[in-house]
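**Q** Return a 3D structure for these sequence lines:
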Amino acid sequence: MTDRSTAASDRLLSAPFLIVIAAALFSALSFSSTLPMIARFVTQELGGGDVEVGLAIGVFSFSAVAARPFIGRLGDSHGRRFLILGGTLLTAIVLLLHVVADSYAVLLVVRLLMGAVQGGFFVGTVTLVNDLAPEHRRGEAASYFSIAIYGGMAFGPWVGEVATDRLDFDGGFVIAALLMFVAAAIAWFLPPFVPVSAAVIAGWTPPPRMNLADLPPPKRRLIYGPAVWPGVILAMGIITFPAIQGFMPTVMDERGLGEAGPVFASYGILVLVLRLLARKVPDKLGTAKTAAIALGGAAGGMLVMALFVSRAGFFVGTAVLAIGGSLLYPALMIAAVEGVPPNERAQAMGTFTMFFELSGGVGAPILGMVAWAAGTTVAAFVGGAVFAAFGLPLLVIWQLGRRRSAPRVPAPA
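**A** Numbers count the residues shown, from 1 in each chain. I've put the predicted structure just below:
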């Protein structure tokens, strides 16, 4: 292989990769902008409490989980652009349907529709990121991608708060839909490729490549086994998102602590900085060490917010939480696709991202019930800390299992 071809195969920041990152940013901004809107819409317009808020935030995850296996198969058979473009357009339409949700029952139906369609974009983008990245730079690629996802999820709630304050809830949902249409417009410029080698995609050129016909027929699985453990650990660590996005605005309203937007913004800035500075950490430290640090940061940040219920306490808590938010996803995404053939990656990512949805779909209602049982919304932060901490023993169990199942290399004679 020549130096030129080696450099091409090692390339990461290609035009398709940057398009995916830009589309992911606007999609995440759109989706997360609705979370504080949903919480306040339920309490202020529909007369609901903590349990109703948790269910309204998380119910979309049930349909998202049910759709994931079929979405993964579509991505492997019809290509990543099909999922990304179709997912963003359908999600934008469903976001507009939030405007007609004039009762709690209608809102739940719309949220279920949201879950069924939004997974197309998420599975498509996360799979394409793995397709585009050289194998030894997948952790770095995941870090760049997750800067867009988590950055959008951090700043999105602030966008939602500003939109609803100035335009009311209907205007806020329209703004969210417009942001999703922007993501679709950006995704339009992706080439309509199906899974091929990373070097070919990154170069936008047709040198000798790995076509689907050259690969063994893909295995069709509802649940892609190798991605399950990484997904479970991810779910434990990111249940902090429904905790802060769904319940922190309510706590700040109850205690007269001002708007939550600046707290979300500071978290987003810290995550962006840490992701850029630590983008190569998952590749260097490996999955286990990186995930352990991230889970510790997630649990610690939640505890700080639970113990120091003040504006300063929330700023400090989210700063600690940013350690978890900046490292967990890149580390686990590497493990989820390790050794997976290109024409099965969308299925693997479908299973992996399914747990992203489960953390909200199951976690948000559980946190809502914890808050209701304890008689204080602050208890949701304690619940988030417990879930994140529980991820540490699960991480140990998973790693021990991987060591036992790894093929043994015979000692030299």
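**Q** Let's test this: mean pLDDT of the host helix or strand of I269, rounded?
**A** Using DSSP states H and E, I269 sits in helix 261-277. Across helix 261-277, the average pLDDT comes to 78.
**Q** Which positions in the next helix or strand after that helix come out as buried?
**A** Per DSSP H and E, the first helix or strand lying C-terminal to helix 261-277 is helix 281-285. Within helix 281-285, the residues scored as buried using 16 or more other CB atoms under 10 Å are 281-283, 285. Placement of C-beta: from N, CA and C, glycine included.
**Q** For the chain, which element, helix or strand, carries the lowest mean pLDDT?
**A** helix 198-203 (a mean of 39; mean pLDDT, DSSP states H and E).
**Q** Name the nearest of the buried residues of helix 281-285 relative to M349.
**A** P282 (16.5 Å; CB to CB).
**Q** relative to helix 261-277, how tilted is the helix or strand hosting G151?
**A** For G151, the element it lies in under DSSP H and E is helix 138-187. Interaxial angle, helix 138-187 versus helix 261-277 (axes from the mean of the first three to the mean of the last three CA atoms, to 10 degrees): 120 degrees.
**Q** Let me know the pLDDT of V94.
**A** pLDDT, V94: 90.
**Q** can you tell me which residues contact it?
**A** 110, 113-114, 117-118 (CB atoms under 8 Å, 6 or more residues apart in numbering).
**Q** If we use 10 Å, what do you get?
**A** Residues near V94 by CB atoms under 10 Å, 6 or more residues apart in numbering: 60, 110-118, 177, 180.
**Q** Just the ones in helices from these, please.
**A** Judged by DSSP state H, helices contain the following of the contacts of V94: 60, 110-118, 177, 180.
**Q** The nearest residue to L328 once chain neighbours are set aside: what secondary structure?
**A** In space, and not counting its chain neighbours, L328 is closest to A294: 3.6 Å by CB to CB, 6 or more residues apart in numbering. At A294 the chain is in helix, as set by DSSP: H, G, I helix; E, B strand; the rest coil.
**Q** A294: neighbouring residues, count only.
**A** 29 (other CB atoms under 10 Å).
**Q** next one: R402
**A** With neighbours defined by other CB under 10 Å, the count for R402 comes to 14.
**Q** and if you look at A374?
**A** Neighbour tally, A374, other CB under 10 Å: 14.
**Q** And for E338?
**A** 15.
**Q** Against A348, how distant is it?
**A** 9 Å (CB to CB, to the nearest Å).
**Q** Spit out the residues that contact these two alike.
**A** Both E338 and A348 are in contact with 226-227, 230, where contact means CB under 10 Å, 6+ apart.
**Q** From these, which land in helices?
**A** P230.
**Q** Tell me the most packed of the shared contacts of E338 and A348, by neighbour count.
**A** A227 (29 neighbours).
**Q** Okay, the residue lying closest to T250 once chain neighbours are set aside and D50: tell me how far apart.
**A** Leaving aside its sequence neighbours, T250 sits nearest to T377 (CB to CB, 6+ apart; 5.2 Å). Relative to D50, T377 is positioned 6 Å away (CB to CB).
**Q** Identify the contacts common to those two.
**A** 246-247, 250, 367-368, 370-371.
**Q** Out of those, which two are the most distant from each other?
**A** Greatest spatial distance among the shared contacts of T377 and D50 (CB to CB): T250 and V370, at 13.6 Å.
**Q** Tell me where the model's unsure across the stretch 201-350 of the chain.
**A** For the stretch 201-350 of the chain, the stretches with pLDDT under 70 are 201-222, 325, 342-343.
**Q** would you list every one of the helices in it?
**A** Remark: helices assigned in the stretch 201-350 of the chain by DSSP state H, counting those that start in this stretch are 228-238, 240-242, 248-255, 261-277, 281-285, 287-307, 311-336, 345-361.
**Q** Tell me which other helices or strands the third one touches.
**A** Right, helix 248-255. Secondary-structure packing of helix 248-255 (3 or more CB pairs under 10 Å, 6 or more residues apart in numbering; DSSP states H and E): helix 15-40, helix 50-58, helix 138-187, helix 261-277, helix 311-336, helix 379-405.
**Q** Give me the angle between the first one and helix 248-255.
**A** Right, helix 15-40. Interaxial angle of helix 15-40 relative to helix 248-255 (the same axes, to 10 degrees): 30 degrees.
**Q** Specify the angle between helix 15-40 and helix 345-361 in degrees.
**A** Angle, helix 15-40 to helix 345-361, by the same axes, to 10 degrees: 20 degrees.
**Q** avg pLDDT for helix 15-40?
**A** Helix 15-40 shows a mean pLDDT of 83.
**Q** Can you give me the buried ones in that helix?
**A** For helix 15-40, the buried set under the neighbour-count rule, 16+ other CB under 10 Å, comprises 16-17, 19-40.
**Q** Report the angle between that helix and helix 50-58.
**A** Using the same axes, to 10 degrees: helix 15-40 against helix 50-58 is 160 degrees.
**Q** dump the residue contacts of the residue lying closest to S103 once chain neighbours are set aside.
**A** Spatially, and ignoring its direct neighbours in sequence, S103 is nearest to L46 (7.1 Å; CB to CB, 6+ apart). L46 sits next to 52-53, 56, 101-107 when contact means CB under 10 Å, 6+ apart.
**Q** okay, L46: pLDDT?
**A** At L46, pLDDT is 80.
**Q** Ok, the one 4 residues further on next?
**A** Per-residue confidence at D50 stands at 70 (pLDDT).
**Q** So it sits against G383, correct?
**A** No - counting by CB atoms under 10 Å, D50 stays clear of G383, with 11.3 Å between them.
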